[in-house]
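>>> got a predicted structure here, sequence first:
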Amino acid sequence: MAARKREIRKVDQPVYTVADLFAGAGGLTQGFQSAGYRPVAAVEFDRWAARTYSINFGPHVLACPIEEVEIARSSRGLAWSGQNVEGVAVKLDTPEIDVLVGGPPCQGFSPLGRMNDWSFDDPRNGLWRHYMRVLDILNPKVFVIENVPEILKSQEFERLKRYVKKLGRGYQLTFGVLNASFFGVPQNRKRAIIIGSRISHATLPPETFDRCTVRDAIGDLTAEPTGHHLHVGRNPQARSLERYKCVPEGGNRFDLMRLRPDLAPKCWLQKKTGSTDVFGRMRWDEPAPTIRTEFFKPEKGRYLHPVAHRPITLREAARLQTFPDEFEFSGSHVQIAKQIGNAVPVRLAYRIALHIRTMLLPDGTQAERKKGEIGVAS
């Protein structure tokens with residue numbers, strides 16, 4: 001079916017090592033692994049997300065605050081100290097790291113956070129400093145930082161650029177905002193991508209224009225949730241179900257207010273303007289909106305199924321984030337939704353990873369460098 005035609009094809013050679021900070025469930029790692037990299041270390045504070053990572057990639061994840069992680073050089077490469085998913089102190093031996101990736105928590109930058117403006121005093125905005133501390137120790141050939149677009153306009157980003165220059169490692173920086181929908185992801189999701197390279201000129205991956213729609217991603221799944229393999233739904237109250245039925249494909253809360261004002265909350269009726277995504281229904285033949293952590297709540301965005309009278313399921317959200325069906329999640333449904341919504345879309349990570357492979361190739365392999373899109377699925 002359409003959803004299966006666009007699966008990511010794994011790349012075999014050569015193998016580069018990758019470490020993932022603020023790894024979450026492992027969206028970045030999954031993309032890099034599919035592009036031929038070997039994940040050897042990860043750090044993730046949330047225990048349930050760390051468990052998910054461990055299930056899919058192995059026990060090399062430290063489930064503790066990055067501030068508590070210590071890294072030292074050893075005769076075998078690198079020695080990492082922290083806690084595992086069981087809360088037990090452990091030491092992790094890894095080889096040298098070719099690529100360091102990560103997305104420091106971004107709520108302090110995001111307009112969806114509790115701050116009315118970007119807060120330079122928000123401690124979450126300073127976590128990039130711990131990323132830089134690890135970068136200084138590891139000295140990878142290339143590093144990648146993923147975040148909300150607002151970071152590029154922040155004071156912290158200016159500090160980050162100065163810090164990278166101060167390291168004196170010769171890292172060249174490139175940065176910009178990428179829309180995941182231009183990289184084969186069935187979702188309009190804009191993210192800031194910062195790439196630093198000390199071995200070659202740093203560039204952002206070119207857009208592929210491999211357009212993928214909601215239908216491509218979830219069209220083969222049953223409209224009625226099966227209750228298995230995360231294709232599970234909520235049991236809406238009768239009033240909620242009547243509300244869902246008033247919203248056409250591509251519609252939103254304004255359709256409900258027009259057709260059945262008696263079903264609309266008073267606060268909606270009192271506010272005639274606002275987001276057109278609230279209580280919205282997806283369109284089959286367009287990318288989905290940004291999948292966030294509470295996609296199971298229609299009042300949080302355009303999360304109604306294109307035709308079924310319900311919000312999207314966990315499996316559908318995972319598909320829209322381009323996680324492979326065999327990827328296993330750990331935790332309650334709410335915890336899994338958080339892991340899915342916080343993840344970097346796997347296919348976007350894959351495209352970034354493929355592009356970085358061309359930066360890592362020796363100068364003499366121009367034929368491979370020109371291919372650029374090694375292993376791209378048809």
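Noted; the coordinates are in hand.
>>> helices or strands up against the helix ranked longest in the chain?
Determined from DSSP state H, the single longest helix within the chain is helix 346-360. Packed against helix 346-360, as judged by 3 or more CB pairs under 8 Å, 6 or more residues apart in numbering; DSSP states H and E, are the following elements: helix 27-34, strand 142-147, strand 190-197, helix 366-371. Heads up, the C-betas are built off the backbone N, CA and C, glycines and all.
>>> point out the most buried one among those.
A comparison of those by mean neighbour count, using mean count of other CB atoms under 10 Å, puts helix 27-34 on top with a mean of 26.
>>> residues in contact with it?
Helix 27-34 is contacted from outside by 8-11, 18, 20, 23, 39, 42, 53, 56-57, 99, 101-103, 144, 146, 321, 323-324, 327, 343-353, using CB atoms under 8 Å, 6 or more residues apart in numbering.
>>> centre of the chain to the helix or strand following it, how far?
Sequence order places strand 37-43 as the next helix or strand after helix 27-34, per DSSP states H and E. Remark: strand 37-43 is offset 16 Å from the chain centroid, using CA atoms, centre = their mean, to the nearest Å.
>>> helices or strands up against the helix or strand just after strand 37-43?
Sequence order places helix 47-57 as the next helix or strand after strand 37-43, per DSSP H and E. Here helix 47-57 touches helix 27-34, strand 37-43, strand 61-62, helix 333-342, going by 3+ CB pairs under 8 Å, 6+ apart.
>>> switch the cut-off to 6 Å
Using 3 or more CB pairs under 6 Å, 6 or more residues apart in numbering; DSSP states H and E, the elements in contact with helix 47-57 are strand 61-62, helix 333-342.
>>> most packed of those?
Note that of the helices and strands packed on helix 47-57, strand 61-62 is the most buried (mean count of other CB under 10 Å), with a mean of 28.
>>> what's it in contact with?
42-44, 50, 53-54, 69, 82 (CB atoms under 6 Å, 6 or more residues apart in numbering).
>>> pLDDT value on the closest residue to Gly103 other than its chain neighbours, please?
Counting by CB to CB, 6 or more residues apart in numbering, Gly103 lies nearest to Glu146, which is 4.0 Å off, once chain neighbours are set aside. What the model reports as pLDDT for Glu146 is 97.
>>> quick check: bridge partners of Glu146?
Glu146 forms beta bridges with Ile193, as assigned by DSSP bridges.
>>> before we move on, the earlier item: quick one: which two of the contacts of strand 61-62 are the most distant?
Ser54 and Val69 (15.8 Å; CB to CB).
>>> and which of the contacts of strand 61-62 is nearest Glu299?
Glu44 (29.2 Å).
>>> how about the contacts made by the residue nearest to Gly103?
103, 191, 193, 344.
>>> contacts only, for the first one.
So that's Gly103. So Gly103 contacts 22, 146-147 (CB under 6 Å, 6+ apart).
>>> again, but for the second one
With contacts taken as CB under 6 Å, 6+ apart, Arg191 has the following neighbours: 146, 178.
>>> re earlier: the longest helix of the chain versus strand 142-147: what angle between them?
Using axes from the mean of the first three to the mean of the last three CA atoms, to 10 degrees, the direction of helix 346-360 lies 150 degrees away from that of strand 142-147.
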